[in-house]
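Colleague: Model the structure of this input:
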Amino acid sequence: MAACRPNVLFILSDQHNAKVLGHEGHADVQTPNLDRLAAEGVRFSRAITQNPICTPSRVCWLSGQYCHNHGYYGLSGPNPGGLPSVPGHFRRAGYATAALGKIHCPEYWIEDDCDLFHETCGCSIGGRSAAYAQYLAERNLTHPEDHGGLQEFGVRGRQTVEGRPSKVPYEDSQEGWAVRRAREFMRDCAAASRPFFAHVSLPKPHQCYAPAQRFWDLYDEAALPLPPNADYEMAGKAPHLVRTASSWRRREWQLFEPKTFAAGRLRKLHGYLGNISHMDHAVGELLAWLAEDNLADDTIVIYSSDHGDYACEHGIMEKAPGICADAITRIPWIWRWPGRFAAGRVVPEIAETVDLANTLCALAGLPAMETADGCDLSHLLRGERGEVHRIGVTEFPWSRSVRKGDWRLVYYPREMFPEEYPDGFGELYNLAEDPWEMRNLYFLPEHAARARELERDLMDWLVTTTRPATAHPLPACESPQSHTRYHHTVNADRKTSPKRLNTLRGGNYL
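Modeller: Down below sits the predicted model:
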């Protein structure tokens, strides 16, 4: 029975702006493998990340929970104490599980749920995989390996946004090494007739913007056009976004000549596009090997990213402040299962990263994860229609981004900008008319009703999706994923599902 279940290959890149794909109409980027994957599968045009930075986004992906429920808003962190993960859920159902690449999750959460675990970036507990570290050392590549910094510049080169070709060939890069290990794992599973869940997390296109030479050489820096919103008067924009954009123009961050803002941002854009092509090649290797090993028809392939990158939009070189722009909150999301999904379909309905968990459970015939907040999107993958989420929400500790159709609202508490906006500040964009978000409509009287609608939608969402530890008068109940202690039934995360609270609607207690 277990051998008949589909395999799962979940590929996650880091910091991929959803606009920067060939099939999205980007004029310059070369992404032949992701374009082919989209043509053979289903892509979501309004996929929303739950958080604009690495760890909290990944916890949402791999737990199916919203940030306000799992509580992670910063990088790394302690073990989430009983919170089930997607790899763990599949492992308990008989799957072999692996996590390879930049995992960057709380300590010993994913590690303990995997048969094979290799962190190549050093972002997980214990640092970089000993196997990859030894691989680099044997080739005298430990120092040249340049994901974390451009070493020739010492401390100044750490996490720079400058661009240059890597000093490490693709084959020895984190992406090249991780995909080869993934292939070994998948072939071993196939030989043992055991279904697999393989999570391959590719560090690029996150900086450093240093793709392998052959991918750097794909682009003519002098001919690269900047996005339409690279230079404009930022009237009505969020104060911290304006300050960040101004800072990039004023401060000395360039490492190469000419050391001007104009030249530096073109080098960054050059490196970013090269990084995307570098990462796209890794995806292509994985797809080719699935076909070569006769695993393609039996494997659900998912590609997405943890969040976006400004890619020079709004005059910003990196991803902060991430809540402000669709460039960060909207992500690419492609699913392929040959013969099962409608090839070439574009889904306009809102989708969220928390939906991965229970969509995969439905497709694999596993029980849904009761601790997951997300929904089952499998009907959309099969070619059907039907709204799943009224809104898609990206959370930050003191702000929320709300996507509803072509509208996007950013909500800030009144205390966020008390000096500049003592009466409160918000952002509202019509993405159909203003896809580059250069005109904030929040303060215009003719759009006040729309802003209040989205604020009300956000409040309803917060109330109806929160997982309390206890609630009265919920009766005790039993399920394989819950237990009852002293009158209260809770899941493994020691909280109560909003679905159970929903049974009390209209009562005297809710």
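
Colleague: tell me, which strand in the chain spans the most residues?
Modeller: Taking DSSP state E as the criterion, the chain has its longest strand at strand 196-205.

Colleague: Against Tyr95, how distant is Leu75?
Modeller: 28 Å (C-beta to C-beta, to the nearest Å). Bear in mind the C-beta positions are built from the backbone N, C-alpha and C, glycine included.

Colleague: quick one, which of these two is more surrounded?
Modeller: Applying other C-beta atoms under 10 Å to Leu75 and Tyr95 shows that Tyr95 carries more neighbours, namely 24 against 12.

Colleague: Check what pLDDT that one gets.
Modeller: Residue-level confidence at Tyr95 comes out at 98, pLDDT.

Colleague: I'd assumed Arg194 was in contact with it.
Modeller: Yes - if you go by C-beta atoms under 8 Å, Tyr95 and Arg194 touch, sitting 7.4 Å apart.

Colleague: Do you have the helices of the stretch 351-500 of the chain handy? List them.
Modeller: Along the stretch 351-500 of the chain, the segments classed as helices by DSSP state H, counting those that start in this stretch run 355-364, 378-381, 448-465, 498-501.

Colleague: now the stretch 101-250 of the chain
Modeller: Under DSSP H, counting those that start in this stretch, the stretch 101-250 of the chain gives helices at 130-138, 174-191, 213-216, 239-250.

Colleague: can you list contacts of the longest one?
Modeller: Taking contacts as C-beta atoms under 8 Å, 6 or more residues apart in numbering, the residues outside helix 174-191 that touch it are 7, 9, 96, 98, 100-102, 116, 118, 120-121, 131-132, 135, 145, 147, 169-170, 195-196, 198, 200-204, 278-279, 281-282, 285-286, 289-290, 293, 295.

Colleague: what's the angle from that helix to strand 196-205?
Modeller: Computed by axes from the mean of the first three to the mean of the last three C-alpha atoms, to 10 degrees, the angle separating helix 174-191 from strand 196-205 equals 170 degrees.

Colleague: Quick check: buried residues in helix 174-191?
Modeller: Under the neighbour-count criterion of 16 or more other C-beta atoms under 10 Å, helix 174-191 has 174-183, 185-186, 189-190 buried.

Colleague: Let me see the contact set for Phe221.
Modeller: Slight slip there: residue 221 is Glu, not Phe. Counted by C-beta under 8 Å, 6+ apart, Glu221 has contacts Leu266, Arg267, Leu269, His270.

Colleague: which residues touch the second one?
Modeller: The neighbourhood of Arg267, defined by C-beta under 8 Å, 6+ apart, consists of Glu162, Gly163, Arg164, Tyr209, Glu221, Gln254, Phe256.

Colleague: shouldn't Arg214 be in contact with Glu171?
Modeller: No - contact between Arg214 and Glu171 fails when scored by C-beta under 8 Å: they sit 10.8 Å apart.

Colleague: who has more neighbours, those two?
Modeller: Arg214 (14 against 11).

Colleague: Tell me the pLDDT of the closest residue in space to the more buried one that isn't next to it in sequence.
Modeller: The shortest distance from Arg214 to any non-neighbouring residue, by C-beta to C-beta, 6 or more residues apart in numbering, is to Tyr170 (6.9 Å). We have a pLDDT of 98 for Tyr170.

Colleague: wait, Tyr170 sits on Asp217?
Modeller: No - using C-beta under 8 Å, Tyr170 is not in contact with Asp217, being 12.0 Å away.

Colleague: okay, those two: which has more neighbours?
Modeller: Tyr170 (18 against 12).

Colleague: what secondary structure does Leu100 sit in?
Modeller: strand (DSSP: H, G, I helix; E, B strand; the rest coil).

Colleague: so what's it closest to, chain neighbours aside?
Modeller: Ala178 (4.5 Å).

Colleague: Could you check how far that neighbour is from Ser45?
Modeller: Distance from Ala178 to Ser45, by C-beta to C-beta: 28 Å.

Colleague: ok, now Glu171?
Modeller: For Glu171 relative to Ser45 (C-beta to C-beta), the value is 34 Å.

Colleague: can I get the buried residues of helix 174-191 in a markdown table with distance to Arg382 and pLDDT?
Modeller: Below are the buried residues of helix 174-191 laid out as a markdown table (distance: C-beta to C-beta, whole Å; pLDDT from 0 to 100):
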| residue | distance to Arg382 | pLDDT |
| --- | --- | --- |
| Gln174 | 35 | 98 |
| Glu175 | 32 | 98 |
| Gly176 | 35 | 98 |
| Trp177 | 36 | 98 |
| Ala178 | 31 | 98 |
| Val179 | 29 | 98 |
| Arg180 | 33 | 98 |
| Arg181 | 32 | 98 |
| Ala182 | 27 | 98 |
| Arg183 | 29 | 98 |
| Phe185 | 29 | 98 |
| Met186 | 25 | 98 |
| Cys189 | 26 | 97 |
| Ala190 | 26 | 97 |
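
Colleague: how about these in TSV, adding distance to Asn358?
Modeller: Shown next, in TSV, are the buried residues of helix 174-191 (distance: C-beta to C-beta, whole Å):
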residue	distance to Asn358
Gln174	30
Glu175	29
Gly176	33
Trp177	32
Ala178	27
Val179	27
Arg180	31
Arg181	28
Ala182	24
Arg183	28
Phe185	25
Met186	24
Cys189	23
Ala190	26
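
Colleague: out of those, who's nearest Phe396?
Modeller: Gln174 (27.8 Å; C-beta to C-beta).

Colleague: Next, count neighbours for the closest residue to that closest one other than its chain neighbours.
Modeller: Leaving aside its sequence neighbours, Gln174 sits nearest to Thr120 (C-beta to C-beta, 6+ apart; 4.1 Å). By the criterion of other C-beta under 10 Å, Thr120 has 28 neighbours.
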